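[1] Sequence first, then the predicted structure:
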Amino acid sequence: MADSYLGIRLNALRKAQNPDGGWPYFPGKQSWLEPTLYAALALHGEPEADRAWELVSTWQQKDGGWHPSAEVGFPHSTTALAVTVAAARGEFGSPFQNGVQWLLGAVGVESRLYKRAILRVGSVFGMVEDQRDFSLKAWPWKLETSSWVEPTSQALVALKKAAPKIPGKELRERVRLGEAMLLNVRCVDGGWNYGNRTARGDELRSYPETTGIALVGLQGRPEVGATLDLAGKMLRETASPMARAWLTVAMRVNGIFVDVHAAKLTPDVLIAALEALGAPEGNYSLLKVTG
Amino acid sequence: MKITRRELLPVAGAAALAGYAAWDARRLAPPKRTGTSAVAIMKAASYTVDLAGKITAGIRACGLEVRGQRVLLKPNLVEFDPNTCINTNVAVIAAAYEAFLKLGAAEVLIGEGPGHRRDTYALAELAHYRGELEKFDSLFVDLNRDDVSPVMNFADRDRIYLPNTAMRADLVVSLAKMKTHHWAGATLSMKNFFGLVPGAVYGWPKNELHQVGIPESIVELTRIFHRSFAIVDGIVGMEGNGPIQGTPKQAGVLVMGSDLPAVDATCCRIMGIDPDKVEYLQMASDRLGITEEARIEQRGEKLAGLRTDFQLIKEFQTLRLA
C-alpha cells in the first residue's frame, strides 16, 4: 500500500501537514482551508484528518462562513467544502447548520435586482457581455462579487450532501438554480471554463480543470453525458496534473472507470490530495451525491 | 485614571505588531511625480537577438540601481494558445533574469498568479517557462497560492490581501506584454499587476478587481507596488480582441522605465492609442507618473517612426491616436 499510487500520495500528505493541523498549498507555507479540507477528505478516518478538522473548526465565523486561511478575515466560497467535509464526518451540529445557512444566503452580486437592471442597460450599450441568464442565482468566490463555475459546483455538492438534514424548499431551489446556471455558462464545446462562454462576441474555450469541477457539481444530470466523453478526451490530452486529478474525480463520481496515470508526485499539496481522492481505492465517494 | 508606563507596554507592543502585520497602503504611497521621467525604447527584431544586453542597457539608461536588491520578475502568464502570443515570451524573462543578476541584484525570483487558470505550473510548462528557464521550480512562486498579508486601504475597500513574495521584494519588475485589452483598452505594465492579486483569496477570475473597477484597481496596485520597474515585451504583441483572443502584432521593441504610467503611455503611442483616452492612465497621470509626451525623456530609440497601429475592437475605436 505504501508504494502504491494512493499510498505515495497519502504519505506525502501526512509529511506535509503543518503543526497547526492544516495543510499549505506548498510544503512549509501557511495552512489554507482548501488544501486542508481536500487532504482531510483524502485521509478521512485517520488521525491527521481529525487534527485538521479541529483547526478548521476554529476558522468558522459567527455568520457561519469559513475564512480561507488564518490570515484572511472574510468568509469564502470554500465554506461549501467545509460543509461537505462536515457531512462526510457525520457532524450535523451547529457548525454544519450555520455553514449551510451561510451558503443559502450567499449569492452572486449579478443576481440582485438592481445589478440585473444595470447589467441589462450595460448590455444594450455593449458595455456588458449579454451571455448569461443573470436571474440564475449561483455562488461567488467572495461575497459582493459575481458567481462562477467552481464555487457554484462546490456549493452544489455541499447542499446536495446537506439536503437530507435540511428541510424546506429553499435548499432545493438553490440547487435547481445553481445547476441551471452551470448549464447556462457551458462553452460551445460542451465543457466549462471559469464561467464565461464568450468575450466580446468571440467564443471562449473550456478548460479541463473547470470541466472536471463542473462535472462533480452536476453529477448524475442527464445533460452531462456528452461532456463525459469530452472529459475523457481532455484527460488523455491535458498537460495539467491538477486538471487530470479533477477529471478523474469527476469521472469516478459519474460512475466511469478511469485508469490512473503513473504520474510523478508533485510538491503541490492540493494536487496530491485530489490525486489521492481520485485513486481507485481513494475517497472520491465522499464527493458523490444523489439527486 | 493614571496609566503607568508598564501598563502601556503591552498595548504599545500590540499596536506595533498590528502595524507591522498590516501594511498601510497610504503610507506606501509614492511621492507625486513632478518634472520628467525616463523611458527607454530598445529595438529588437526578434526573440533571438541579445535581449539581455538590450535590457541591461535599458535599465542603465533609466538610471535604475539594483545592487543588493531582492527582485521579483512578474511576467504576464495568462493562458496558452499555440496559435497566438498571449504571454510574455520566455526569452524576455530569461534575459531580464540574467540582466538583473549581472547588475548585482541579491536575489531574482519569478512570480505570477494567472487570472483564469488554476494550475499555474502546468501553464508555465505550456508557455515553455518551465522547460527553458534554468532552475525554474526553485525560482518560481505561484502568487495565486502564496502566503498573504493584508494591505490597508484599496480603493473603496478597507484592505486587500497580497502575496508575501511580492510585498517583501525590494523591486517588482512588471514584465508585461504589449496587448490590446477588451475591457481596459490596453494591457501593459500597470494592468499586469492584476497577477499579483492572489486567487486563493479572490478566486479565478479575480472578480473583486472588476467590482472595485478595472481602472481603479490598476491604479491602486500601481500605487501599492510603486517600487517597481517595467519591461514591456513589444517584440511581438497582440492586437484586436486581446488579451487572449487577439492576433500577433510585431512592434519590434522593448519599452522600459521606473515610471510605469510613462512606460505605458509610451507603449500606447507606439500602438497608435491615445494614452489620454485610456481611463487608468488618465487617473494615474501626475498622481503616480507622467503620461504627457513632452515630459517623458526618451532614451534609446526615438518614439518617432516606431508607431505601428494595433487593431482595436469596435468598442475602442475612439482610443485611436490622432
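    Cool, the structure landed.
[2] Could you pull up the residues touching the residue nearest to A:Val149 when sequence neighbours are not counted?
    Nearest non-adjacent residue to A:Val149, counting by Cβ to Cβ, 6 or more residues apart in numbering or on different chains: A:Gly195, 4.4 Å away. Quick note: C-beta positions are derived from backbone N, CA and C, even for glycine. Counting by Cβ atoms under 8 Å, 6 or more residues apart in numbering or on different chains, A:Gly195 makes contact with A:147-149, A:152, A:185, A:210.
[3] burial of the residue in chain B positioned nearest to chain A, as a residue count?
    Going by Cβ to the nearest Cβ, chain A is nearest to B:Gly203 of chain B, at 2.7 Å. As a burial measure, B:Gly203 scores 25 neighbours (other Cβ atoms under 10 Å in any protein chain shown).
[4] how far away is it from B:Pro114?
    Using Cβ to Cβ, to the nearest Å, B:Gly203 is found at 12 Å from B:Pro114.
[5] again, but for B:Ile41
    In this view, B:Ile41 and B:Pro114 are 28 Å apart by Cβ to Cβ.
[6] Packing partners of the helix or strand containing A:Leu37?
    Using DSSP states H and E, A:Leu37 sits in helix A:33-42. On a contact count with 3 or more Cβ pairs under 8 Å, 6 or more residues apart in numbering or on different chains; DSSP states H and E, helix A:33-42 meets helix A:5-16, helix A:47-57, helix A:79-88, helix A:269-278.
[7] can I get those in TSV with mean neighbour count and distance to B:Arg168?
    What follows is the helices and strands packed on helix A:33-42, written out as TSV (neighbours: other Cβ atoms under 10 Å in any protein chain shown; distance: least, Cβ to Cβ, whole Å):
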stretch	mean neighbour count	distance to B:Arg168
helix A:5-16	18	23
helix A:47-57	18	26
helix A:79-88	26	30
helix A:269-278	27	22
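[8] between those helices, which gets nearest to B:Ala61?
    For B:Ala61, the closest of the helices and strands packed on helix A:33-42 is helix A:269-278, at 43.2 Å, according to Cβ to Cβ.
[9] Quick one: mean pLDDT over the closest one.
    Throughout helix A:269-278, pLDDT has a mean value of 98.
[10] ok, residues contacting it?
    A:5-6, A:9-10, A:12-13, A:16, A:23-27, A:34-35, A:38-39, A:41-43, A:241-242, A:244-246, A:248-249, A:252, A:258, A:260, A:263, A:265-266, A:282-284, A:286-287, B:119, B:145.
[11] Apply 7 Å and report the result again.
    Applying Cβ atoms under 7 Å, 6 or more residues apart in numbering or on different chains, the external contacts of helix A:269-278 come out as A:6, A:9-10, A:12-13, A:16, A:23-27, A:34-35, A:38-39, A:41-42, A:241-242, A:245-246, A:248-249, A:252, A:260, A:265-266, A:282-284.
[12] Just the buried residues of those residues.
    Buried members of these, counted by 16 or more other Cβ atoms under 10 Å in any protein chain shown: A:6, A:9-10, A:12-13, A:16, A:23-26, A:34-35, A:38-39, A:41-42, A:241-242, A:245-246, A:248-249, A:252, A:260, A:266, A:282-284.
[13] Low-confidence stretches in the stretch 1-150 of chain A?
    For the stretch 1-150 of chain A, the stretches with pLDDT under 70 are A:1, A:125-130.
[14] Ignoring the adjacent residues along the chain, who's closest to the closest residue to chain B within the stretch 101-250 of chain A?
    Proximity of the stretch 101-250 of chain A to chain B (Cβ to the nearest Cβ) peaks at A:Trp141, 2.7 Å away. Spatial nearest neighbour of A:Trp141, chain neighbours left out: B:Gly203 (2.7 Å); criterion: Cβ to Cβ, 6+ apart.
[15] separation between that neighbour and A:Gly108?
    Counting by Cβ to Cβ, the separation of B:Gly203 from A:Gly108 is 11 Å.
[16] One more: B:Leu133?
    B:Leu133 is 38 Å from A:Gly108, by Cβ to Cβ.
[17] Give me the more crowded residue out of the two.
    Per other Cβ under 10 Å, whichever of B:Leu133 and A:Gly108 has more neighbours is A:Gly108, with 25 against 19.
[18] which residues touch that one?
    Applying Cβ under 7 Å, 6+ apart to A:Gly108 gives the contacts A:137-140, A:146-147.
[19] One more: A:Lys264?
    So A:Lys264 contacts nothing (Cβ under 7 Å, 6+ apart).
[20] So which bits of chain A are right by chain B?
    A:25, A:29-30, A:32, A:34, A:68, A:71-72, A:109, A:126, A:141-142, A:144-146, A:148, A:150-151, A:193-194, A:199-200, A:202, A:207, A:209, A:239-243 (Cβ under 7 Å from any Cβ of the partner chain).
[21] Count residues in the vicinity of the residue of the stretch 101-250 of chain A closest to chain B, would you?
    For A:Trp141, the neighbour count with other Cβ under 10 Å is 27.
[22] List the contacts of it.
    With Cβ under 7 Å, 6+ apart, A:Trp141 has these contacts: A:76-77, A:148, A:151, B:202-203, B:207.
[23] so the residue nearest to A:Trp141 makes contact with A:Lys142?
    Yes: B:Gly203 is within contact range of A:Lys142, at 6.4 Å (criterion: Cβ atoms under 7 Å).
[24] Would you map the helices across chain B?
    For chain B, applying DSSP state H gives helices covering B:5-21, B:51-61, B:90-102, B:120-126, B:129-132, B:136-139, B:164-168, B:199-202, B:207-212, B:214-224, B:260-271, B:279-284.
[25] weakest of those in terms of mean pLDDT?
    helix B:5-21 (a mean of 45).
[26] For the stretch 201-322 of chain B, list the residues in contact with chain A, please.
    So the stretch 201-322 of chain B meets chain A at B:201-205, B:207-208, B:211, B:241, B:245, B:313, B:315 (Cβ under 7 Å from any Cβ).
[27] Kindly give a single PyMOL line that selects the buried subset of those.
    Here is the PyMOL command that picks out the buried ones among those, judged by 16+ other Cβ under 10 Å:
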select buried, chain B and resi 201+202+203+204+205+207+208+211+241+245+313
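[28] Which of the residues of the stretch 201-322 of chain B next to chain A lies at the shortest distance from A:Lys165?
    Using Cβ to Cβ, those come closest to A:Lys165 at B:Gly203, 27.7 Å.
[29] For A:Pro68, see how far away that closest one is.
    From B:Gly203 across to A:Pro68, the span is 10 Å (Cβ to Cβ).
[30] just A:Lys29 next, same as before
    Counting by Cβ to Cβ - A:Lys29 and A:Pro68 are separated by 13 Å.
[31] quick one, which of these two is more surrounded?
    A:Pro68 (28 against 18).
[32] which residues touch that one?
    Residues in contact with A:Pro68 (Cβ under 7 Å, 6+ apart) are A:32-34, A:76, A:78, B:200-201.
[33] With distance to A:Ala86 added, can I get these in TSV?
    Converted to TSV, the contacts of A:Pro68 look like this (distance: Cβ to Cβ, whole Å):
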residue	distance to A:Ala86
A:Trp32	18
A:Leu33	13
A:Glu34	15
A:His76	16
A:Thr78	13
B:Ala200	21
B:Val201	23
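[34] Pick the one among these closest to B:Arg223.
    For the contacts of A:Pro68, the nearest to B:Arg223 is B:Val201 (19.3 Å; Cβ to Cβ).
[35] Now the closest one: closest residue in space, sequence neighbours ignored.
    Using Cβ to Cβ, 6+ apart and skipping the chain neighbours, the partner closest in space to B:Val201 is B:Tyr161 (4.7 Å).
[36] Show me where the stretch 151-291 of chain A has its helices.
    In the stretch 151-291 of chain A, the segments counted as helices under DSSP state H, counting those that start in this stretch are A:169-184, A:208-217, A:225-237, A:241-253, A:269-278.
[37] Switch those over to JSON lines; also include distance to B:Glu79.
    Converted to JSON lines, those look like this (distance: least, Cβ to Cβ, whole Å):
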{"stretch": "helix A:169-184", "distance to B:Glu79": "21"}
{"stretch": "helix A:208-217", "distance to B:Glu79": "13"}
{"stretch": "helix A:225-237", "distance to B:Glu79": "16"}
{"stretch": "helix A:241-253", "distance to B:Glu79": "14"}
{"stretch": "helix A:269-278", "distance to B:Glu79": "20"}
